[in-house]
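Participant: Predicted structure and sequence below. I'll ask about it afterward.
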Amino acid sequence: MLTPYSIISKILETYLRAYLARKLRERGYSQPKIADLLGVSQPTIHAYLNSEIYGVDNILSRIRETGISDKEFVLIAEQIMNLLIEGDRVGAMRIFIIYINGLLSSLKLCNYHRKIDPRIPENCNICAEIFIVREDIEMIEVLERAFQLISSVKGLVNLIPEVGMNIAYRKKETRDLRDILAYPSRIFKIDNQIVKIGRPEWGASRHLGTILLKISASRPELRAVANLKKHECISEWIRKNKIPHKVTGPHETGLEKEVIDDVSKAMSLNKNIRLVIDEGGMWLEPNVYIFAEDPLSLSLIIREIVSFCQEETF
């Protein structure tokens, strides 16, 4: 009998370690240090680094067979790697366990499980019954991972608005601001460093939270939003990549409500856009609003923008 644990131990854990070994080597870590970080023997690390079986392209190909996308796998791997480098083994294990439980509870591995063991019946849903991940816990972990991914990108500090940046993430079923997660003190730049105080809290962002709340019915697929400073390099990135977007403002009243209403209206009426440039107004700083399905997808877009700006401007 092949259980889902076989997939996790023989494929996911093995190829994750091999991928991490290759990426750590690219960062200049020695084989003994990589072995220590990953908790395996040095001969195993040697195999990971030198066998064609564990080449990055082959790793991603094998992972895709399980139903996991390259983007999803790379994001998880990068987060785990950063935590291991920082010496936070418990944090790395927490992220991996929550991720694995999420895969199991969502039945995402079922098709691959049936492929390698055709005796598994179509109506099997054991994992959904056993591996339950509370939505609020998972959302906090996802938002924290997204922050760590974007805050590590050189150049983000140049795109933090004077009023601060935030990332908001709403539950699938949203009734009010208490169902929307964000950083209570926003994300600021201090001495060229990205700073946030504490962990995400529910109902912590009235501005971004209200926008998500307003578009939840018309754009239910978009559960995350972040704001960046309006900068010419972002406009150039939009032009170069032909990104669908809308421009709102400038606002004559100087009221925050007008920004919220106009950005929400632009997103609700234009189902093909995920980005709004707001021109601000009297006492209102211009901002760029970026929307995505979740904070990790959002972090990929922000990293792409920052990398482009880093090359072109900063």
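Facilitator: Sure, I can see it.

Participant: who's in contact with residue 310?
Facilitator: By C-beta atoms under 8 Å, 6 or more residues apart in numbering, the contact list for residue 310 reads 154, 155. (Glycine included, C-beta is placed from N, CA and C.)

Participant: Apply 10 Å and report the result again.
Facilitator: With contact taken as C-beta atoms under 10 Å, 6 or more residues apart in numbering, residue 310 is in contact with 153, 154, 155, 156, 158, 159, 233.

Participant: Give me the contact list for the helix or strand encompassing the last one.
Facilitator: Spelled out, that is residue 233. Under the criterion of DSSP states H and E, residue 233 resides in helix 232-241. For helix 232-241, contacts defined as C-beta under 10 Å, 6+ apart pick out 155, 158-159, 228, 231, 243-245, 247, 275, 277, 288, 290, 304-314.

Participant: Can you name the residues that contact residue 152?
Facilitator: For residue 152, counting by C-beta under 10 Å, 6+ apart, the contacting residues are 78, 79, 82, 194, 299, 303.

Participant: OK, contacts around residue 267?
Facilitator: Residue 267 makes contacts with 211-212, 214-215, 218-219, 222, 225, 246, 248, 273-276, 289, 291, as judged by C-beta under 10 Å, 6+ apart.

Participant: Can you flag which of those belong to helices?
Facilitator: Under the assignment DSSP state H, those contribute 211, 212, 214, 215 to helices.

Participant: Which segments of this protein make up each domain?
Facilitator: 4-133, 137-312 (automatic domain parsing).

Participant: In terms of mean pLDDT, which of these ranks lowest?
Facilitator: Per-segment mean pLDDT for the domains of the chain reaches its minimum on domain 4-133, at a mean of 90.

Participant: In JSON lines, list the contacts of residue 152 along with neighbour count, secondary structure and distance to residue 130.
Facilitator: Putting the contacts of residue 152 into JSON lines (neighbours: other C-beta atoms under 10 Å; DSSP: H, G, I helix; E, B strand; the rest coil; distance: C-beta to C-beta, whole Å) gives the following:
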{"residue": "78", "neighbour count": "17", "secondary structure": "helix", "distance to residue 130": "29"}
{"residue": "79", "neighbour count": "24", "secondary structure": "helix", "distance to residue 130": "25"}
{"residue": "82", "neighbour count": "17", "secondary structure": "helix", "distance to residue 130": "30"}
{"residue": "194", "neighbour count": "17", "secondary structure": "strand", "distance to residue 130": "39"}
{"residue": "299", "neighbour count": "27", "secondary structure": "helix", "distance to residue 130": "30"}
{"residue": "303", "neighbour count": "16", "secondary structure": "helix", "distance to residue 130": "35"}
